[in-house]
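Enquirer: Starting from these lines, generate the structure:
(one chain, ligands or ions: 1)
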Amino acid sequence: MQRDLTKLSQNVYDLLIVGGGIYGACVAWDASLRGLSVALVEKADFGCATSANSLKMIHGGLRYLQHGDFKRMRESICDRRILMQIAPHLVHPLPVVVPTYGHRIKGKEVMTIALAINDLVSCDRNVGIDPQKHIPPGRTISKSECLQLLPGIDGKDLTGGAVFYDAQVYNSERLVVSFLRSAAQKSADLANYVEVTGFLQQGNCITGVEAQDLLTGDRFQIRAKTVVNTSGAWINRVLALLHGQPQKSVLFAKAINLVTRQLFPTYAVGVPGQNSYQDSDALLKKGTSLLFIAPWRDKSLIGTSYTVCEQDPDNFKVTNKDIQEFLDRINCSYPAANLKREDVSFVHGGLLPSSGVCDRTGNVQLSKHSQIYDYREQGLQGLISVVGVKYTTARNVAQKVVDWVFRSWGQKPPKSKSSLTSLHGGEISQFEAFLTAEIAKCPYGLENEEIRRLVYNYGLAYPEVLKYLSANEREGLTDCLAVLKAEVLHGVRDEMAQKLTDVVFRRTELGSAGYPGNEALDICAETMGAELGWNSTQIQQELQEVRFAFEYSLGQERSNESKLTNFTASSLFG
Ligand SMILES: Cc1cc2nc3c(=O)[nH]c(=O)nc-3n(C[C@H](O)[C@H](O)[C@H](O)COP(=O)(O)OP(=O)(O)OC[C@H]3O[C@@H](n4cnc5c(N)ncnc54)[C@H](O)[C@@H]3O)c2cc1C
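Expert: Prediction:
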């Protein structure tokens, strides 16, 4: 994956994709596999915005049952299976426990029926999946088993619990990079830190974009037959670059997750929240929303809180107030958690498409379906916009986008291959067996845990990282830091990392659960600095940017509202 802006400015591409989140990455992969020439530009780093902030769940869509939306359930179930197949190192089954209360909507009887329907609707969920990673059928458990699994849960009217399986992405940022690396291997040209600043138009047809390299300030043009706008929460901004073409604005809501001290180590838990919701589309129109507590590294990841947001995505902020209110909600729903501010080590925040606010409850309503828009009815050819609602279904939506592109050219779309083709590093048929064999080989005398981490992050391609692990580079470093150094070199040389934040948050898992400590950060900064020719001032600046991103979790800044937590691209890169 090499950043070549001259090539971008000289070629005329079939597709130019604006935005390198999971949606842009999946479009690039699907289109490249179908033989299209593809360019993709991202104004910050790949996958750094909403895609980095998800709860990491690859949903099987059990809760869509409440809407009787079997189509959406099937889509999620199929996409979960596909992601487990094409990226078996990154996507893994995760058991979920939900307590049941009384004998009505939250009761065990209703859950028993829901689990049975879910099993039926997902009867092909394990077809083609590594047998060691099969998703078992759901089951109900007794009250005492539930209390054992969820100590401290509200026991009043508790009748037992439901256990079902979903999947979790081990590293959602690396999954974005894997889609992009795979696309680059099929000749897609990609560049981070390139912002689209305008459109090129001939008559009623978009023919490309004006772009700016944010690392040098250079401006250039990129030409393409069709431009696909996958700019996520920036969609309104990107469309505003079209002169004289006012577009209907897409609404967004603020969503946040907290990384906290560990509450449950091996399974996720759905705790009934205190907030009631009303959903006019649902068959069961009222209920309480579930707080979801998932295991994350050696901590817990808790989501998701939704609030109204009218902020410009570049000024998006998660405030101290947002965090405190969410902590209060968690403690109210599950008092045994007793979480305090110092238990929060990281915050995820992002913007999700919304259909507005419920008049009665004041709750935010999230958009349920991804949308693909073209502008031919408004007399504009050559532009397609995508508004994605779930990380889980991005590949599926991308497939539809590429079909749409072919049809907009008056051509029959060739069959998509993205559901069947392993991503870079994903050609592993039996994950556990592969991991065990690699641990037994003990390359470079690495610790089991180090090999495990490398295999989960890079899959079959992990030797590409180890090639940077020379005996010299290990001198004076623990294995753990020596491997990290090799990962930094790999990130810079093979995966286009430009900034320290890229390496800390998105090429490695170093910053994925909170501040990793000065020693590890210094090693990263020095290694990267030597590679990219940074002087000591630049190294300090880069470290400062990383610390700024972590400052909330450092403690001393907590009461300072002027320094707000913001883990989106805008805060990381100014
Ligand atoms: C708190 C939270 C929890 C979530 N949990 C889950 C979950 O558990 N499971 C699930 O399936 N989904 C989840 N989601 C939803 C999921 O994360 C999003 O649907 C998905 O990441 C959106 O991806 P995207 O590519 O559309 O947007 P983004 O990831 O935001 O990508 C858009 C990119 O476009 C770039 N861009 C913008 N303007 C320009 C420009 N002018 N030039 C170049 N580049 C530009 C931006 O920098 C950005 O990187 C969650 C979301 C949030 C916020």
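
Enquirer: tally of neighbours for residue 181?
Expert: Neighbour count for residue 181, taken as other Cβ atoms under 10 Å: 23. In short, each C-beta sits where N, CA and C put it, glycine included.

Enquirer: isn't there a helix covering it?
Expert: Yes: counting by DSSP: H, G, I helix; E, B strand; the rest coil, residue 181 is found in a helix.

Enquirer: Spatially, what comes nearest to it if we skip its sequence neighbours?
Expert: The shortest distance from residue 181 to any non-neighbouring residue, by Cβ to Cβ, 6 or more residues apart in numbering, is to residue 424 (4.3 Å).

Enquirer: Next, that neighbour: secondary structure please.
Expert: Following three-state DSSP, we place residue 424 in the coil state.

Enquirer: For it, list the residues it contacts.
Expert: Residues counted as contacts of residue 424 (Cβ atoms under 8 Å, 6 or more residues apart in numbering) are 178, 181-182, 185, 459, 461.

Enquirer: Recalculate using a threshold of 7 Å.
Expert: Counting by Cβ atoms under 7 Å, 6 or more residues apart in numbering, residue 424 makes contact with 178, 181-182, 185, 461.

Enquirer: Then residue 176?
Expert: Neighbouring residues of residue 176 by Cβ under 7 Å, 6+ apart: 21-22, 25, 46-47, 51.

Enquirer: hang on, the earlier thing: out of the contacts of residue 424, who has the most neighbours?
Expert: Neighbour counts for these, by other Cβ under 10 Å, peak at residue 178, which reaches 27 neighbours.

Enquirer: picking up where we left off before, could you list which of the contacts of residue 176 also contact the ligand?
Expert: Applying Cβ under 6 Å from any ligand atom to the contacts of residue 176, one finds that 21-22, 51 fall near the ligand.

Enquirer: Kindly present the residues you listed as CSV, with separate columns for secondary structure, pLDDT and neighbour count.
Expert: Shown next, in CSV, are these (DSSP: H, G, I helix; E, B strand; the rest coil; pLDDT from 0 to 100; neighbours: other Cβ atoms under 10 Å):
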residue, secondary structure, pLDDT, neighbour count
21, coil, 98, 26
22, helix, 98, 32
51, helix, 97, 25
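
Enquirer: wait, which of these is closest to residue 419?
Expert: Using Cβ to Cβ, residue 22 comes nearest to residue 419 of those, at 15.5 Å.

Enquirer: pretty sure the closest one is touching residue 392, no?
Expert: No: in this structure, residue 22 is not within contact of residue 392 by Cβ atoms under 7 Å, at 9.4 Å.

Enquirer: Minimum distance to the ligand, which residue of the stretch 101-250 of the chain gives it?
Expert: Among the residues of the stretch 101-250 of the chain, residue 232 lies closest to the ligand, at 2.7 Å counting by Cβ to the nearest ligand atom.

Enquirer: For the closest residue to the ligand within the stretch 301-450 of the chain, which phi and psi angles does the backbone take?
Expert: With Cβ to the nearest ligand atom as the measure, residue 350 is the residue of the stretch 301-450 of the chain nearest to the ligand, at 2.8 Å. Main-chain torsions, residue 350, degrees, to the nearest 10: phi -160, psi 180.

Enquirer: still on that earlier bit, now for the residue of the stretch 101-250 of the chain closest to the ligand: which residues touch it?
Expert: 19, 21, 49-50.

Enquirer: now do 6 Å
Expert: Applying Cβ atoms under 6 Å, 6 or more residues apart in numbering, we find residue 232 in contact with 21, 49-50.

Enquirer: Is residue 94 bridged to anything, and to what?
Expert: Note on residue 94: beta-bridge partners residue 166, judged by DSSP bridges.

Enquirer: How many neighbouring residues does it have?
Expert: Per other Cβ under 10 Å, the neighbour tally for residue 94 reads 19.

Enquirer: Wait, it touches residue 168, no?
Expert: Yes: counting by Cβ atoms under 6 Å, residue 168 is a contact partner of residue 94 at 4.3 Å.

Enquirer: circling back to that earlier point, so what's the residue of the stretch 301-450 of the chain closest to the ligand scoring on pLDDT?
Expert: Looking at residue 350, its pLDDT is 92.

Enquirer: Please name the bridge partners of it.
Expert: With DSSP bridges as the criterion, residue 350 is bridged to residue 255.

Enquirer: What distance do you get for it to residue 385?
Expert: Here the criterion is Cβ to Cβ, to the nearest Å. By it, residue 350 lies 18 Å from residue 385.

Enquirer: Of these two, which one has the most company?
Expert: Remark: of residue 350 and residue 385, residue 350 carries more neighbours, 26 against 22, as counted by other Cβ under 10 Å.

Enquirer: OK, contacts around that one?
Expert: Taking Cβ under 6 Å, 6+ apart as the test, what residue 350 contacts is 50, 53, 255.

Enquirer: which of those has the most neighbours?
Expert: Among the contacts of residue 350, residue 50 has the most neighbours (other Cβ under 10 Å), with 27 neighbours.

Enquirer: If we ignore the residues flanking it in sequence, what's nearest that one?
Expert: Closest residue in space to residue 50, ignoring its immediate chain neighbours: residue 350 at 3.8 Å, by Cβ to Cβ, 6+ apart.

Enquirer: Same question for residue 252.
Expert: residue 351 (4.1 Å).

Enquirer: any weak-confidence spans in the protein?
Expert: Low-confidence segments of the chain (pLDDT under 70): 244-247, 274-288, 471-477, 552-574.

Enquirer: Looking at it, what residue ends up closest to the ligand?
Expert: residue 21 (2.1 Å).

Enquirer: wait, doesn't that residue sit right on residue 51?
Expert: Yes: Residue 21 lies in contact with residue 51 (Cβ under 6 Å); the separation is 4.1 Å.

Enquirer: Please give the number of neighbouring residues around residue 165.
Expert: 21.

Enquirer: now it: how far from residue 67?
Expert: For residue 165, the distance to residue 67 - Cβ to Cβ - is 21 Å.

Enquirer: Same question for residue 129.
Expert: 26 Å.

Enquirer: Also residue 398?
Expert: With Cβ to Cβ as the criterion, residue 398 and residue 67 are 24 Å apart.

Enquirer: and the two? which has more neighbours close in?
Expert: Shown here are residue 398 and residue 67; by other Cβ under 10 Å, residue 398 has more neighbours (29 against 17).

Enquirer: ok, the more buried one touching residue 30?
Expert: Yes: taking contacts as Cβ under 6 Å, residue 398 lies within contact range of residue 30: 4.6 Å.

Enquirer: which of the contacts of residue 176 sit farthest apart?
Expert: Farthest pair in the contacts of residue 176, by Cβ to Cβ: 22 and 46, 9.7 Å.
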